[in-house]
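Q: next input, structure requested:
(one chain, ligands or ions: 1)
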Amino acid sequence: MARVYNFSAGPSMLPESVLKKAAAEMLDYEGSGQSVMEMSHRSKYFDKIIKDCEALLREIMNIPDNYKVLLLQGGCSSQFTMVPMNLMTKNGKADYVITGQWAKKAYQEAKRYGDINVVASSEDKTFSYIPKLDKSTFSPDADYFYICMNNTIYGTVYHELPDTGDVPLVADISSCLMSEPIDVSKFGCLIAGAQKNLAPAGLTIVIIREDLIGNAMDITPTMFNYETHAKADSLYNTPPCYTIYIAKLVLEWIKNEIGGLDKLKELNEKKAKLLYDFLDNSKLFKGTVVPEDRSLMNVPFVTGDKDLDAKFVAEATEAGFVNLKGHRTVGGMRASIYNAMPYEGVEKLVDFMKKFEEANA
Ligand SMILES: *Cc1c(COP(=O)(O)O)cnc(C)c1O
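A: As a prediction, the model looks like this:
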């Protein structure tokens, strides 16, 4: 059976060697006589899986000891509520930068719980850039400062972090998790859905500085309180066991087959450069993002003609390049080229785009 090149924004491609390992261990995980899907989350087998998963995350991301790693459910969307409920509790204020739909959803949720200052927005140009930030517009007494680091839908990324001083920086890193090294110590809290770059859907990762835990609002549901999960080592209730197991396999792949985040960054830059260079020189296709804010992970592009865009997506799908249709708010196409997309997949896509350009220019 031929596998397609899957450019989905999420859930997305997983490394083939991980899928094969999971298949081989499906019926009998390490002599347990069971699949990981079937076993108790309190079993010695699963206890080792979740501990290994966290240890690998800490090792690969170089997470300092004064940070907790929480393996939760509810998607990154639940974090849009959990962040304000847990962190907006000293002065009841927070700063938000609106760089796309996910940042906007986070903002809309947060303003139900406190006083939100929108520091900047790039909505005026369909979120095709990261706004320049003016420090004098930051609230010195904000409980935290919120950004969406990589904007999955629009294909922008922060290459430079805002200098928030003592105000904890909170970042949604759903679509750039594990794509390159990140200095965790610069953040108060990192949140991410795992289904973009690490695992199947169902797992949400929170990396939070310890001193920010334990101050949740009184109304916070037990399941939405970081302290609940921190105290129980992410085993307060049944965690997403199988997804955590696949995440562990992907982390082993990053460590042992790829060689860590520096190496992944190098590979991801090489893949993205191939596609962006082509777009910059193409007479038919063009990227929608200003060059200085381009994402390594999500690459939106258009032909400028809706019918031609649709023709391209249809012919690409036929040729085995799937999920290239852009988000409805941008139109056109989007190629998500996460860690598991091989260089060869981007190379073949670019060849296909060249041929399409020749036939339709
Ligand atoms: C996909 C995505 C989300 C939403 O994640 P869910 O797990 O579906 O709730 C939030 N933020 C970003 C940046 C995303 O890419």
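Q: whichever residue of the stretch 251-361 of the chain sits closest to the ligand bridge partners, please.
A: For the stretch 251-361 of the chain, the residue positioned closest to the ligand under CB to the nearest ligand atom is Asn298, at a distance of 8.4 Å. For glycine as for every other residue, the C-beta is placed from the backbone atoms N, C-alpha and C. Residues found in beta-bridge contact with Asn298 (criterion: DSSP bridges) are Ser336.
Q: I'd assumed Asn150 was in contact with it.
A: Yes. When contacts are counted by CB atoms under 8 Å, Asn298 is listed as touching Asn150 (7.2 Å).
Q: okay, and the common contacts of the two?
A: Applying CB atoms under 8 Å, 6 or more residues apart in numbering, one finds that Asn298 and Asn150 are jointly contacted by Ser175.
Q: can you tell me how far the residue in the stretch 1-150 of the chain that the ligand sits nearest to is from Ile205?
A: Each residue of the stretch 1-150 of the chain has a distance to the ligand, by CB to the nearest ligand atom, and the smallest belongs to Gly75, at 2.7 Å. Look at Gly75 and Ile205: by CB to CB, to the nearest Å, they are 11 Å apart.
Q: intersection of neighbour lists for these two?
A: Counting by CB under 8 Å, 6+ apart, the contacts common to Gly75 and Ile205 are Gly193.
Q: these two: which has the busier surroundings?
A: Each of Gly75 and Ile205 had its neighbours counted (other CB atoms under 10 Å), and the higher figure belongs to Ile205 (27 against 16).
Q: list the contacts for the more buried one?
A: Here Ile205 is in contact with Leu57, Val69, Leu70, Leu71, Leu72, Leu177, Leu190, Ile191, Ala192, Gly193, Ala194, Leu198 (CB under 8 Å, 6+ apart).
Q: show me the strands in the stretch 1-150 of the chain, by range?
A: Counting by DSSP state E, counting those that start in this stretch, the stretch 1-150 of the chain has strands at residues 5-6, 67-72, 93-98, 115-121, 144-148, 150-151.
Q: and the ones you listed as a markdown table, adding distance to Ile337?
A: Converted to a markdown table, the strands of the stretch 1-150 of the chain look like this (distance: least, CB to CB, whole Å):
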| stretch | distance to Ile337 |
| --- | --- |
| strand 5-6 | 10 |
| strand 67-72 | 26 |
| strand 93-98 | 25 |
| strand 115-121 | 27 |
| strand 144-148 | 19 |
| strand 150-151 | 12 |
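Q: now distance to Lys263 and mean pLDDT too, for those, in TSV please.
A: TSV is the format used below for the strands of the stretch 1-150 of the chain (distance: least, CB to CB, whole Å; pLDDT from 0 to 100):
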stretch	distance to Lys263	mean pLDDT
strand 5-6	21	98
strand 67-72	22	98
strand 93-98	30	98
strand 115-121	34	98
strand 144-148	26	98
strand 150-151	19	98
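Q: save these as JSON lines, and put in distance to Thr81 and mean neighbour count too.
A: Written out in JSON lines, the entries for the strands of the stretch 1-150 of the chain read as follows (distance: least, CB to CB, whole Å; neighbours: other CB atoms under 10 Å):
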{"stretch": "strand 5-6", "distance to Thr81": "31", "mean neighbour count": "20"}
{"stretch": "strand 67-72", "distance to Thr81": "12", "mean neighbour count": "22"}
{"stretch": "strand 93-98", "distance to Thr81": "13", "mean neighbour count": "23"}
{"stretch": "strand 115-121", "distance to Thr81": "13", "mean neighbour count": "17"}
{"stretch": "strand 144-148", "distance to Thr81": "13", "mean neighbour count": "28"}
{"stretch": "strand 150-151", "distance to Thr81": "20", "mean neighbour count": "28"}
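Q: need those strands in CSV with distance to the ligand, can you?
A: Written out in CSV, the entries for these read as follows (distance: least, CB to the nearest ligand atom, whole Å):
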stretch, distance to the ligand
strand 5-6, 16
strand 67-72, 10
strand 93-98, 13
strand 115-121, 16
strand 144-148, 5
strand 150-151, 6
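Q: quick check, stretch 99-111 touching the ligand?
A: Yes. Looking at stretch 99-111 against the ligand by CB under 6 Å from any ligand atom, the contacts come from Trp102.
Q: just the CA coordinates of that stretch, formatted as CSV?
A: Coordinates of each C-alpha in stretch 99-111 appear next as CSV, following Å, rounded to 0.1, in the frame of the first residue of the first chain:
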residue,chain,number,x,y,z
THR,A,99,-1.8,37.2,15.9
GLY,A,100,-4.5,34.8,14.6
GLN,A,101,-7.6,32.8,15.3
TRP,A,102,-6.0,30.8,18.2
ALA,A,103,-4.7,33.9,20.0
LYS,A,104,-8.1,35.5,19.5
LYS,A,105,-10.0,32.5,20.9
ALA,A,106,-7.6,32.6,23.9
TYR,A,107,-8.3,36.3,24.4
GLN,A,108,-12.1,35.9,24.1
GLU,A,109,-12.0,33.2,26.8
ALA,A,110,-9.6,35.1,29.1
LYS,A,111,-11.7,38.3,29.1
